[in-house]
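Peer 1: My questions are about this predicted structure, shown below with the sequence.
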Amino acid sequence: MAQLKEAATWAGIGPHDTVANLFPVTSVSHQGFLSALHGPLTVGAKVIRGFTERRDTPFDIYQSTAELAEHVARRRATVLWGIVSFVRRLILKAQELELDFSSVRLAFAGRSLAQARSPVRRPRPLGGRGPA
């Protein structure tokens, strides 16, 4: 936990932040999910769950990308943390719904192999005011 606290502090995350953990939840938690959960908590930040994508457990914890985007906007998340494709999909959904993501000040994203072949669509600014 000390290493996670040091990493979160080094990244500039503090008690004033609300972190959106956008990593998928699977039957066996992986390091990205655990780091995005426990790191911010060790420095007093709030963490909100993502849990979109593949339903890998029998528990009723999953939500659509649209529901997550609305939750992130409503909770005024300041940090998005997840796999690049999940972060990107969330931002594009927020733009489609014209949600205000202007509170987001940091995004941490890891890369997956599938992203090398994905078409690129450049997101608009995150203020939620329609096309830029």
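Peer 2: On my side now, so go ahead. Quantities reported herein were computed from a predicted structural model and do not represent experimental measurements.
Peer 1: So which helix or strand of this structure has the lowest pLDDT on average?
Peer 2: Least confident helix or strand of the chain, by mean pLDDT, DSSP states H and E, is helix 31-42 with a mean of 67.
Peer 1: quick one: pLDDT of D56?
Peer 2: For D56, the pLDDT comes out at 60.
Peer 1: same thing with V87?
Peer 2: 85.
Peer 1: ditto for the one 4 residues further on
Peer 2: Per-residue confidence for I91 comes out at a pLDDT of 90.
Peer 1: cool, and A109?
Peer 2: Listed pLDDT for A109 reads 77.
Peer 1: which SS state does G82 fall under?
Peer 2: Secondary structure assignment for G82 (DSSP: H, G, I helix; E, B strand; the rest coil): strand.
Peer 1: For the closest residue to it other than its chain neighbours, grab the count of nearby residues.
Peer 2: Leaving out its chain neighbours, the residue that sits closest to G82 by CB to CB, 6 or more residues apart in numbering is L22, at 2.7 Å. Using the backbone N, CA and C atoms, a C-beta is placed for each residue, glycine as well. L22: 33 surrounding residues under other CB atoms under 10 Å.
Peer 1: Surely L22 touches A77?
Peer 2: No. L22 lies out of contact with A77 (CB atoms under 8 Å); the separation is 9.8 Å.
Peer 1: gap between the residue nearest to G82 and E6?
Peer 2: Using CB to CB, to the nearest Å, L22 is found at 22 Å from E6.
Peer 1: measure N21 to E98 for me?
Peer 2: On the measure of CB to CB, N21 and E98 end up 24 Å apart.
Peer 1: In terms of packing, which of the two has more residues around it?
Peer 2: Using other CB under 10 Å as the criterion, N21 and E98 rank with N21 on top: 25 against 13.
Peer 1: is that one in a bridge, and if so with what?
Peer 2: Beta-bridge partners for N21, by DSSP bridges, are R49, W81.
Peer 1: got a pLDDT number for it?
Peer 2: We have a pLDDT of 84 for N21.
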